[in-house]
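> Need coordinates for the following:
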Amino acid sequence: KLAYYSEAQRPAVRTTKRGKDDASSAYEVETINEPSELLHFVKFETQYIETCLDFITQECPALRNGSTDHKQGRHLKATGGGAFKYRALLEDKLGVVVDKEDEMKCLITGANFVLNQVPNESFIYSKGVNGTSNYDYQNNTGQNIHPYLLVNIGSGVSILKVDSPTEYQRIGGTAMGGGTFWGLGSLLTKAQGFDALLDLAEHGSSRNVDMLVSDIYGGEYAALGLPGDLTASCFGKCVRSYHQPTESRDQNGEKQQREEDIAKSLLHMISNDIGQIAYLNARLHNLERIYFAGYFLRGHPLTMHSISYAINYWSKGDIQALFLRHEGYLGAIGAFLAGAGPGADTSETWIEHFSSTTKRERHNSVISYDVLELERRKCKLEVLPLLAHPRSYRPDLFDLTNDVSARTYWIELMKAGVGKVGQHAACSQLGVPDAVDRSEAFKKKFLERLVCVQDTPNHYGSLSIRKLLDVRGQCLLQSGFVDSYSKEKQHENEAALEQLKPLLERLETLPFQERQFELARNVLAGNVFDWGAQAVVKLLEGEGLDFEDSVKKVPERPWLRDGFDEYCKRVEERPYQCVMLFVDNSGFDIILGIFPLVCEFLRQGTKVILAANSEPALNDVQHSELLLLADRIGARVPSVRTALLENRLVIVETGSSSPCIDLTRVDHQLCQMCREVDLIVLEGMGRAIHTNFKAQFTCDSLKVAIIKNQWLADKLGGTLFSAIFLFEKASSRPIVQIGATNSDSPLLHRT
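As a prediction, the model looks like this:
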């Protein structure tokens, strides 16, 4: 396993004002290149160590162009047994000085890093009634992960209590670990290797080897609460005595204990032992979280199931075994951070790169190796302080990891639409010579990712509609398409701006309750204009769709989720102090749906914070774009201009580049503005339904969207274009401290 840092150029959007007259001038969107910083973590099978070294030489120009004389001062940080075993080979071939780092320290540093930086890094594993694997991913990012117990199962077992990023101690362990399983398995079976031994165990039954309670008492031992199928003695059925000097055989003359059964019993014996020791240490030190890592696990369902069963049994269900998606990289990550020096900032925000930029085509494609890639964010992302239950918060409404039918539907939908998305991307760059070729490259890459998650749904952690959209967005970006819907957005913006003032004048003539209803209906109507929804695209590309048409598509009340009466009563009785509004689409949505609502809030004396995407996603309005639109609207609407000047209307970026949003990873500056917010509004199918539909907040919340997907409508008990206007009172849970779990350490050294 190896880790390295690289710098690259990535496409980005620069939005600038055209001309001096705010009221009449449009804006320009220019694609530029900006620096990008990446961390790469690559894993090779040990038998291909020479290929791994060739990979390092290719990816690190300093090694490729330099001398092989390791006295020049180039250092390579290494940890684990390989740091000793391959030291001479590394130094001779790469021309480096190998610095051996402490294995346990690297392991813990790596664990802290992935738990803080990678969403859904940890998970609970279980088996369903039909034997299927279930992965229950946990949300750790942005939260205080300490203290916890780290159980590293290698040849033996080390149990470490981790109190903080820098404080840990080994509190126990056992010599019965992976080496014991492999060693005894080699003596008792003909299995050639660790994986072959696990393969045997997968097809075995420990009941043929282990003595159960029922074998001794004829059933359960009720007085002691021992069920009949509980193991009373590992390998208890394998005993021999002078009364039975030969092997036990069944009535057909076959050995009763097959190699598969022996391997399964051996696995259960060692796992139960480790589980009990881990649980007792957790109880002794009053710890609730136990993470397991090490060569013994390697993400194999059978080993995870055996450990999970043991922890669940000994704790009586009070504690769950937690596993890590990238546990194989922990040591390499820790060694890399050791090389980055004491100034390395592990609290900076990195995001997982699903469309890896690691150039596999340079290397032997026959050889199997795994890749994890992280990209540094320009802004620091934190947990939104308004979340009432951040630790139990799950952003996604639907988990596609374990729901086969839902996963199949969305993957097939994405496959069916990839041609249209690629064609639209190419058309957005008409006249650019290689646009069509890059469009084809996007389609190929995205289809490869879809096949990957179809075969291995937990490949990127918890699979959701949000994750699929993010993968598609990253594949587009990597293919050079950063804002494919720029022209459509500008066209809609110009059309909507012409209709805004007459709409506001008409609304002002209405009595209060009627005006609130028209505002709500306009927000819903504006939300119809979504280029990411196939049902809407057919309308837009067919006979067309204007704002009046979309108003007619809003169904009559009662809506599918209808909290309008309660909302209207609340704003009439007591206006809100400050509203934070997460906006969705550009064009008619933001201008004719959201800004009239903004004007109403301002009229009531409410401060308004508009939160928009930091980077483009479909036809969503982007932060830099919204700043220019607000100025143009302010030139037409005096109350908007005054509010902008007086800081009563504030536009802030979310830190997101997705049509959905994970509220545990939002921009630091946005989090700082939450102290006075008493109403949060989430608009759009992505932010209010696909994500955050069940989220609870410490302030009142309003979730508004039009359902533009038939599958989603069916799931929620509605029809296509059903309306969601979900108003909920504040949760009683106390607000979390802003930035309480983040340090202010310096940036990671760029070396």
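
> can we go C-alpha only for contacts and neighbour counts from here?
OK.

> Check whether residue 77 really touches residue 103, as I assumed.
No: here residue 77 lies out of contact with residue 103, judged by CA atoms under 8 Å, at a distance of 11.2 Å.

> what's the burial count for the nearest residue to residue 699 once chain neighbours are set aside?
The shortest distance from residue 699 to any non-neighbouring residue, by CA to CA, 6 or more residues apart in numbering, is to residue 730 (4.2 Å). Applying other CA atoms under 10 Å, we find 17 other residues in the vicinity of residue 730.

> Equivalent analysis for residue 7, please.
For residue 7, the count of nearby residues is 12 (other CA under 10 Å).

> Contacts only, for the residue nearest to residue 699.
696-701 (CA atoms under 8 Å, 6 or more residues apart in numbering).

> Which ones among those lie within strands?
Counting by DSSP state E, the part of the contacts of residue 730 found in strands is 700-701.

> out of the contacts of residue 730, which one sits closest to residue 403?
Among the contacts of residue 730, residue 696 lies closest to residue 403 (CA to CA), at 24.1 Å.

> Disregarding flanking residues, what is the spatial nearest neighbour of that closest one?
Closest to residue 696 by CA to CA, 6+ apart is residue 388, at 5.5 Å.

> buried ones in the helix or strand where residue 6 lies?
Per DSSP states H and E: residue 6 is located in strand 2-17. Using 16 or more other CA atoms under 10 Å as the test for burial, strand 2-17 gives 2-5, 10-13, 15.

> Is residue 176 in contact with residue 154, as I believe?
No: using CA under 8 Å, residue 176 is not in contact with residue 154, being 9.6 Å away.

> biggest strand in the chain by residues?
When the chain is parsed with DSSP E, its longest strand is strand 27-44.

> Would you mind pulling up the elements that that one packs against?
Helices and strands touching strand 27-44, by 3 or more CA pairs under 8 Å, 6 or more residues apart in numbering; DSSP states H and E, are strand 2-17, strand 369-376.

> The helix or strand just after that strand to strand 2-17, inter-axis angle?
The first helix or strand that comes after strand 27-44 along the chain, using DSSP H and E, is helix 49-59. Angle, helix 49-59 to strand 2-17, by axes from the mean of the first three to the mean of the last three CA atoms, to 10 degrees: 30 degrees.

> With just CA atoms, put the strand holding residue 6 into CSV.
Written as CSV, here are the backbone C-alpha positions of strand 2-17 (Å, rounded to 0.1, in the frame of the first residue of the first chain):
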residue,chain,number,x,y,z
LEU,A,2,1.4,3.4,-0.9
ALA,A,3,0.4,7.0,-0.6
TYR,A,4,1.5,10.1,-2.6
TYR,A,5,0.5,13.7,-3.2
SER,A,6,0.1,15.3,-6.6
GLU,A,7,-1.0,18.7,-8.1
ALA,A,8,-3.0,19.0,-11.2
GLN,A,9,-5.2,21.4,-13.2
ARG,A,10,-9.0,21.0,-13.1
PRO,A,11,-11.6,22.9,-15.1
ALA,A,12,-13.7,25.5,-13.2
VAL,A,13,-16.1,28.2,-14.0
ARG,A,14,-15.5,32.0,-13.7
THR,A,15,-18.7,34.1,-13.8
THR,A,16,-18.2,37.8,-14.5
LYS,A,17,-20.6,40.7,-15.2
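
> to the chain's geometric centre, what's the distance from stretch 557-571?
33 Å (CA atoms, centre = their mean, to the nearest Å).

> so how far is the first residue of it from its last?
With CA to CA, to the nearest Å as the measure, stretch 557-571 spans 20 Å from end to end.

> ok, now stretch 714-724?
Counting by CA to CA, you get 14 Å between the two ends of stretch 714-724.

> in it, what counts as buried?
Neighbour-count burial for stretch 714-724 flags 718-724 (criterion: 16+ other CA under 10 Å).

> And stretch 290-304, by the same measure?
Here stretch 290-304 shows 290-299, 301-304 as buried, counting by 16+ other CA under 10 Å.

> what residue lies at the spatial centre of this protein?
residue 119 (4.0 Å; CA atoms, centre = their mean).

> hang on, that one packs against residue 141?
Yes: because the distance of 5.8 Å satisfies CA under 8 Å, residue 119 is recorded as touching residue 141.

> Mind jotting down where the strands sit in the stretch 551-700 of the chain?
Using DSSP state E, counting those that start in this stretch, the strands of the stretch 551-700 of the chain run over residues 561-562, 578-582, 607-612, 649-653, 666-667, 679-683, 700-706.

> how about CSV for these, with mean pLDDT, mean neighbour count and distance to residue 411 added?
Formatted as CSV, the strands of the stretch 551-700 of the chain follow (pLDDT from 0 to 100; neighbours: other CA atoms under 10 Å; distance: least, CA to CA, whole Å):
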stretch, mean pLDDT, mean neighbour count, distance to residue 411
strand 561-562, 98, 17, 28
strand 578-582, 98, 23, 27
strand 607-612, 98, 24, 27
strand 649-653, 98, 22, 30
strand 666-667, 96, 23, 27
strand 679-683, 98, 24, 25
strand 700-706, 98, 25, 22
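
> Residue 416 is nearest to which of the ones you listed?
Closest to residue 416 of those, according to CA to CA: strand 700-706, at 22.7 Å.

> who touches the next helix or strand along the chain from the closest one?
Note on strand 700-706: by DSSP H and E, the next helix or strand toward the C-terminus is helix 710-715. Applying CA under 8 Å, 6+ apart, the external contacts of helix 710-715 come out as 707, 719-720, 722.

> go with 6 Å
Residues from elsewhere that reach helix 710-715 (CA atoms under 6 Å, 6 or more residues apart in numbering): 719-720.

> so the residue nearest to residue 696 makes contact with residue 698?
Yes: taking contacts as CA atoms under 6 Å, residue 388 lies within contact range of residue 698: 5.1 Å.

> and the gap between the nearest residue to residue 29 once chain neighbours are set aside and residue 614?
Nearest non-adjacent residue to residue 29, counting by CA to CA, 6+ apart: residue 15, 4.6 Å away. Here residue 15 is placed at a distance of 12 Å from residue 614 (CA to CA).

> Sweet, I'm off.
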